[in-house]
Structure formats: structure tokens, C-alpha cells
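from the sequence below, what's the structure:
(one chain, ligands or ions: 1)
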Amino acid sequence: MLGTSVGLSLGLGSSLRRGLQITSVERSGLSSIAGMSCRRSQQLPSIRIGGTAARRLHTPSPQRSTPPHSSLLVRHNSTKPPPHVPSTPIIKATTTTPVDTTSTLVTTSEPSAKPSIISRIYSNLSLSPVKENHEKDGEHGSSSVGKLLELARPEKRHLLIAVGLLLISSSVSMLVPLTIGKLIDFFSTNSSTFLGLSFPVAAGLLAVTFCIGAAANASRAIIMRTSGQRIIARVRNQAYLSTLRQEPEFADRSAGDIVSRLSVDTNILGESVTSNLSDGLRALISATVGVAAMFWISAKLTLVMLCVVPPVSLGAVFYGRYLRKLSNLTQEAVGEMSKTAEEKLNAFKTVAAYNSQDLEGSLFSRKVDEVFQLAKKEAYMTGIFWGASGLTGNLAMLCLLGYGGHLVSIHEITVGDLTSLLMYSAYVGGSVSGLTGFFTGLMRGVGAGSRVFWLLDRTSHIPLDKGINLPHSRNGAIRFENVRFRYPSRKEVEVLKGINMRIEPGTSVALVGSSGSGKTSIQQLLSRFYDPDEGKVTFDGTDIREFTPESWRSRIGVVFQDPILFAGTVHENIAYGSPDATREDVEDAARAANCDFIWNLPQGFDTLIGKASLSGGQRQRISIARALVRNPSILLLDEATSALDSASENAVNAAIDDIIRQKNITVILAAHRLSSIARAERVVVLENGVVSEEGRYDVLSRREGSRFRTLMAAQLLVEKSSKGAEASQPEEEESPESTEATRLRLEAN
Ligand SMILES: Nc1ncnc2c1ncn2[C@@H]1O[C@H](COP(=O)(O)OP(=O)(O)OP(=O)(O)O)[C@@H](O)[C@H]1O
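A predicted model of the protein is given here:
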């Protein structure tokens, strides 16, 4: 399904066809992943639902007890009819959750019981972390060579065996020229012995030796290739993990480029440290043994041959350097190309609706052309280099034949010796070009490696495991103290210019303001997707930067304006980020979020859903259930009802009402709609990056000349006109037609 899930693997040649595919569903949901602190799970299929339900004790709230019928509504068979009381409040007080005795205040200076993923990455890869912030690739080529070789270290045992096998197969190969020379002399001189043995015995021994050589060669190739693939797999996994641990802004900015690094560059890197290394070693052994054998046969002729080696080697050095530069540029261009395609394929419907296929085709074609131009340069350089080195080799061979023929005519060497010499020189020539290939391959690997290592080594601006763990039992007020903030990608605009506010635990606040006033930005700071430039956000008196983002985010439920659902079942989507949630927990959360429609789905909670297989209202409520199932202390709702029709809006609002009424969760909602704003106990009006007004809804809306009144008057007009348009539309929610529409959508998905 192109429009909904695009696995990108763009680039050049077979390496790209073998490229890693990451679905756009996963990538586009990176903020969701960060919000759910779910990096370790990475993908839904790997999420395990199980564990003890006891950990999330849903003890009735002291403020409000669960209605007597609610326990009867817990359905283990999700295909049964829905409960009759959709808005039954079941969210339990966080204060009743027992203290997690394992959650103690642990500073990072103390040894952590659980090694961080990054430290495991490094120990696994035998790589030590390098300096932060290498924003430019290719600037640390020399350190990359070392790392490139270090990459092969975990495969040391396999590689040593492969080198042993390589020695055997190369020795056997190097026997061939000598044997052929001796054979020629044997037949031309009518000698009775061959290599000091009778001919049949010698031939038999040679045949066995060649068989051993062939077996060694085959085994070497297999070992090298599998080791290479293991290295590629390891690097890909670690680079992806490292990406998931970055701040969301990083992935938002460079998703296409990251995919290219994970697919193309890792492939080049793996090839470079295994196949390339093995070919290089073989070339080195062949060249050394070949030259030694040539000296043994005729030192004079060998010296003639060796005159060719220095110019070719010099050319190879320059060519290799140029190739590394070119390789970096090519990979960057491939990254740009992937980024362009990814963005447009993820917005496929927009492209189709605006008939922009031709425009997008030409934009992509421009990017493809940039890659092609670089590839063309590489092709020219490679052609010229190989042509020149081939010509040099052939001319050297001609000299060898001329001078060698002369030595045969004066009986200084035999015809067999000349044949052996010619063959050895061909071997040595091949080995020298093999060494050149090794060098250029290594340079290409260094180029690709620097891009992959950059990803591996990049330290997140908001490291997930830095800080103290926030115990689940701790609760308190949220305070913004003179918070100033600019987005890193747009430093010139100060979005928040000194926000001050206090939100008591268990209360609800509506953030109100015109579009672009900073409502979402405040929520992003609360989620720690960004940190303030000045001032601080505190929770229970502690700057939230002091908590590990993981433990802090585990206390927050986030509902985004455009909720992302992942490919998987309804249960998996609700339990996303809460791997210990039982079916009962999930059903309770679904009930609290007014998700009655789930019980009408073909397989209930086990129905497979995707990014677009449910209506906006249904997706939004699943998203609320996802936030609730983790039993949050703080619920962030970012315009949760802005894109919904009035029926869906009512259903979502009813769910929000229940949550607010229970006073267990601090609710912070960014809202435009009056119906949503009126639900909150307190309204905070944002204007020009500061809080201009705050107070209760009824007080602010009655106050003559208040900014809130002006804002709301404008909003009322918008809502009236949209209601007028909506009145002509049939209601979708929970009607039999709506259920049918959902069923059809699911089938189409
Ligand atoms: N990722 C970003 N990078 C750069 N600037 C951003 C980014 N996100 C938002 N902005 C800018 O920050 C300002 C505040 O945006 P924000 O999304 O917080 O406003 P909002 O009040 O939530 O708006 P709306 O009601 O339209 O959702 C806007 O000027 C916006 O252009």
C-alpha cells in the first residue's frame, strides 16, 4: 500500500536492492515513539504483551469509586458486544499505585544496574564513543580506518580461520605457474621424472593439492561473506537504535538520509571490511609469493617487471583519495534523493489530489540526476585508471617477452622458466590491481563508514538515560519559570518569551491562543522533545531536566493532533509503550477513552489495523486509550478534537470529561474549540510568546474586553460556519453505517 506504508530502499545497484526497509509508519511515528519511551521495542510485532497486571494496580480512586457494574464490563473475549456504559470512568488514582521499590533516585554517577543500550552497542562493537557533534561527514577519515578495522574485531576468530584458508588457497594457486613451467620442460626434454616423481604420482598429488586449494577457497569465501553480513546486521541494528535514541527533531529533519545511511552505507561498510579485506589479503599474498618466485627463477627479468609497480601504486593512491571524496558526495546525494521520495510518497494522497505527479517526477529526477552525474564522474575516473594500469601491465609484459626471449636464446633460462615467469608476472599484475581495488574499496568503505559512525556515535542532545529516575509515587505541581525557547532549526524566532505558570496536580488547564502562539511548543517542552533555552520547567520542585527523559516520559500520556497508529492489532496499538499491559488493562483504557467501536470490529481487540484504517475520531480515541493505559500522571492533549466532526468530538470530549472529573491526572490541553476549552478548570491564554491572561473559563469569558473573549468570539464564528457545513453531513459515529464503513476500510487496508 503505497500511500500508507512506504518502505524506502533507494539508491544504486544491488547493494540498494538488498537495502534495509523501514516503513514510513515507523518513521513518521518517531515522536510517538519518543513520547512512549518505546525505543527498545522498536516495532510493534516485537512488543510482548504480558507480565503482571499487579504492577499497574487499578485500585479504585479514593475520590470516586468504580461503579458496581464496571467489573462486569471487563471482557476477555473482545468479540463480544460492547459494554453499555461507554463513559464508565475506570482510570484509577496514581496516588494509590504502590511505590515501585526498584525506582530509587539514582544519579548517573552511580553505576547503573542495567547497562544502557549505547554501552551495549559499544561493547558489542568494540567501539569507543567518539566526540560529540561531528556535524560534517568525512572529516575524520583516518579515525574511520581504525574503526573500520575495529568493526571486524568481533569476527576475529572467523576471520583468522578465513586467513588460514586464504593462505592455503593462495599457496596452491601460486603452485600453478611453477607446475606449468615444469610440465613444459618435462614434455620438451623427454625427462623420465616430473618434479622428482613418476608422472602419474606427481599428477595425482597435484590433483589432490588443487582440490584442497579449491575447498579452502570456497570455505574462505563463505566465512568471509557470512562474517560480512553479520557485521552489516550488527551495524544496522546499532545505528537504528542510536537513531531511535536521538531527540525527535533529529529524525524529523533527516529521516531520508538516515535510511540511506542504514541501507546503502552499512552495505558498503560491511563489504569493505570483509570481502574487500579478504581480496586485499589474497592480493598481498599472491604478489609477495609471486615476486619471490620470480626472483628465484630470474632476478634480471623480475627487476624489469618491478619497474611498473611504483607508477601504478602512485596512481592508485590518488585515485583512491578521489574516490573517497566522490563516494561521500554520492552517498549524500543518495540521501537527499531518498529524503525527497520519502516525503512525497508519505503524502501520496496530497500529490494525487493536486495532480502533482509531473512536478514531483521532475523534482525527483533532478535529485536522481545529481546522483547520476557523480556516478558518471566515478565511472570516467575508474575507466581511465583501469585502462591506464592495464596498458602499463601489457607493455611490461611485452618487455618481459622480448628480454625473456633473448635470455632463452642464450640458454640462461628454459622455455618452461619463461612461461612460469610470464604467468607469475600476470599473477603479480593481477595482485597489484587487486591491491589497488582493495585500497579504493577501503577508501569507499571509509567514506561510507564515516557516515555510519556519525550516526552511531551521535549523542542525543537529550540523552535518554542521563539524570535521576523519577519514582512513580512522586507527584506535584508543574511550574514554568520564565521559560524562553527557540526551535533549533529556526533560531531567529523566539517562540516562547518568558512563560510563567503553575499547574497543580490533578487539575486541568486549557492552553488557548491564536495559531502559532506556542501551545504545542509548551507541550513539546513538557514532553522533553526540546529543552528551554532559558528558565526551567519543574515538577514537584525539581527541574524536569534532572530526570531521565525515559522515567519522566513514562509519567506522561500524549495525544497528538494527528495520532499515528502502527500496523498491528488494536490491542498492540493501545498497549504500545506499555508492554506489561494485560488485555484487561487495555480494555479498561479503551472503555475510558470511549472506544466502544472496538467491540464492533470484526475481531475486536485482535483486529488488524493500519495507519488509515479507522476514522479520525476512532484513531483519536485509540490514541487516548494508548495514553491512559500507561496510567499517566500528566495527560497532554494537543488539539485532540480539532479535526473531528461533532459526533466524534462529543465522544472524545466525554472521555476527556471523565478523566478530568476524576482529578487523578493533570490534564493539559491545547485547544481551539470552545467545547474543549470549557471543560478545563483553568484557561491560560498565550499571546506573543507570553501568558497574557489566565483564570477560570466562566470568569474570563465574562470579563469585558478580555483577550480571551475576543479569541472566543472569533472561534465561535469559525465553529458556527463549520457546524452549518456539518449539518448536511450524515453522522458517522457508531451508527450501523459507520461500523460498516469501518469494516470496509479495514478490508481495503
Ligand atoms: N519544529 C519546528 N521548527 C521550527 N519552528 C517551529 C516548529 N514547530 C513550530 N514552530 C514555530 O513555532 C511557533 C509556535 O508553534 P506552535 O506549534 O507551538 O503553535 P500552536 O499555538 O500550537 O499553533 P496551532 O494552534 O496552529 O497548532 C510557530 O511560529 C511555528 O511556526
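
mind naming the longest helix for this structure?
For the chain, the helix reaching the highest residue count under DSSP state H is reported as helix 357-409.

what's the local residue count around Ser515?
Around Ser515 sit 6 other residues, with neighbours defined as other Cβ atoms under 10 Å. No exception for glycine: its C-beta is placed from N, CA and C like everyone else's.

helix, strand or coil for it?
Under DSSP: H, G, I helix; E, B strand; the rest coil, Ser515 falls in the coil class.

now the closest residue in space to it that isn't next to it in sequence: how far from Leu326?
Closest residue to Ser515 in three dimensions, ignoring its sequence neighbours and counting by Cβ to Cβ, 6 or more residues apart in numbering: His672, at 7.9 Å. From His672 across to Leu326, the span is 51 Å (Cβ to Cβ, to the nearest Å).

how about Val652?
Computed as Cβ to Cβ, the Val652 to Leu326 distance reads 54 Å.

spell out which parts of the chain neighbour the ligand.
Residues of the chain lying close to the ligand (Cβ under 6 Å from any ligand atom) are 487, 489-490, 495, 513, 515-521, 670.

from the residues you listed, which would you call buried?
Among the residues of the chain next to the ligand, those classed as buried by neighbour count (16 or more other Cβ atoms under 10 Å) are Val495, Gly513, Ser517, Gly518, Lys519, Thr520, Ser521, Ala670.

as TSV, those with pLDDT, distance to Pro549 and secondary structure would be great.
Below are these laid out as TSV (pLDDT from 0 to 100; distance: Cβ to Cβ, whole Å; DSSP: H, G, I helix; E, B strand; the rest coil):
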residue	pLDDT	distance to Pro549	secondary structure
Val495	93	21	coil
Gly513	87	26	coil
Ser517	88	26	coil
Gly518	90	21	coil
Lys519	91	21	helix
Thr520	91	18	helix
Ser521	93	17	helix
Ala670	89	21	strand
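
among Val652 and Leu326, which residue is more densely surrounded?
Under the criterion of other Cβ under 10 Å, the comparison of Val652 against Leu326 puts Val652 first, with 26 against 19.

element containing that one, please.
With elements taken from DSSP states H and E, the one containing Val652 is helix 646-662.

what helices and strands are in contact with that helix?
helix 583-592, helix 616-629, strand 666-670, helix 674-677 (3 or more Cβ pairs under 8 Å, 6 or more residues apart in numbering; DSSP states H and E).

next, the buried residues of stretch 393-402.
Quick answer for stretch 393-402 (16+ other Cβ under 10 Å): Gly393, Ala396, Met397, Leu400.

how about the first one, nearest residue that isn't a chain neighbour?
Read it as Gly393. Gly429 is the one closest to Gly393 (Cβ to Cβ, 6+ apart), at 4.5 Å.

can you pull the pLDDT of the one you found?
Per-residue pLDDT puts Gly429 at 76.

surely it is in contact with Leu395?
No. Look at Gly429 against Leu395 with Cβ atoms under 8 Å: they stay out of range, at 11.2 Å.

may I have the phi/psi pair for Thr542?
phi -110, psi 130 (degrees, to the nearest 10).

and the pLDDT at it?
pLDDT, Thr542: 92.

for Arg486, same thing?
At Arg486, pLDDT is 94.

same thing with the one 5 residues further on?
Reported pLDDT at Lys491 in the predicted model: 89.

isn't there a helix covering Phe480?
No. Phe480 is assigned strand when assessed by three-state DSSP, not a helix.

which ones are touching Arg545?
Gly467, Arg528, Asp531, Lys536 (Cβ atoms under 8 Å, 6 or more residues apart in numbering).

how about the nearest residue to the last one, chain neighbours excluded?
Computed as Cβ to Cβ, 6+ apart, the closest residue to Lys536 that is not its neighbour in sequence is Asp543, at 4.6 Å.

among the contacts of Arg545, show me the least confident.
Lowest pLDDT among the contacts of Arg545: Gly467, 89.

could you count how many residues lie near that one?
22.

which helix or which strand is home to Pro341?
Residue 341: Ala, not Pro. Going by DSSP H and E, Ala341 is in helix 309-346.

list the buried ones in that helix?
Within helix 309-346, judged by 16+ other Cβ under 10 Å, the buried ones are 309, 312, 315-316, 319-320, 322-324, 326-342, 344-346.

orientation of that helix relative to helix 357-409 in degrees?
With axes from the mean of the first three to the mean of the last three Cα atoms, to 10 degrees applied, the angle from helix 309-346 to helix 357-409 works out at 160 degrees.

next SSE downstream of helix 309-346?
Next element after helix 309-346 (DSSP H and E): helix 348-353.

go ahead and confirm Gly506 touches Thr666.
Yes. Gly506 is in contact with Thr666 according to Cβ under 8 Å; the separation is 6.0 Å.

the two - which one has more neighbours?
Set side by side, Gly506 and Thr666 show more neighbours around Thr666, with 26 against 20, by other Cβ under 10 Å.

the residue nearest in space to the middle of the chain: which element?
For the chain, the residue nearest the mean C-alpha position is Tyr240 (3.7 Å; Cα atoms, centre = their mean). According to DSSP H and E, Tyr240 maps onto helix 199-244.

list the helices and strands that helix packs on?
Using 3+ Cβ pairs under 8 Å, 6+ apart: helix 199-244 touches helix 117-125, helix 156-189, helix 248-260, helix 266-273, helix 275-297, helix 415-457.

and among those helices, the most buried is which?
helix 266-273 (a mean of 26; mean count of other Cβ atoms under 10 Å).

restrict that one to CA atoms and write it as CSV.
The C-alpha trace of helix 266-273 is given here as CSV (Å, rounded to 0.1, in the frame of the first residue of the first chain):
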residue,chain,number,x,y,z
THR,A,266,26.2,-0.1,6.0
ASN,A,267,26.3,-2.4,3.0
ILE,A,268,29.4,-0.7,1.6
LEU,A,269,31.0,-0.7,5.0
GLY,A,270,30.4,-4.4,5.5
GLU,A,271,31.7,-5.3,2.1
SER,A,272,34.7,-3.2,2.8
VAL,A,273,35.8,-4.9,6.0
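
so which residue of the stretch 101-250 of the chain comes closest to the ligand?
The stretch 101-250 of the chain approaches the ligand most closely through Glu249 (6.6 Å), counting by Cβ to the nearest ligand atom.
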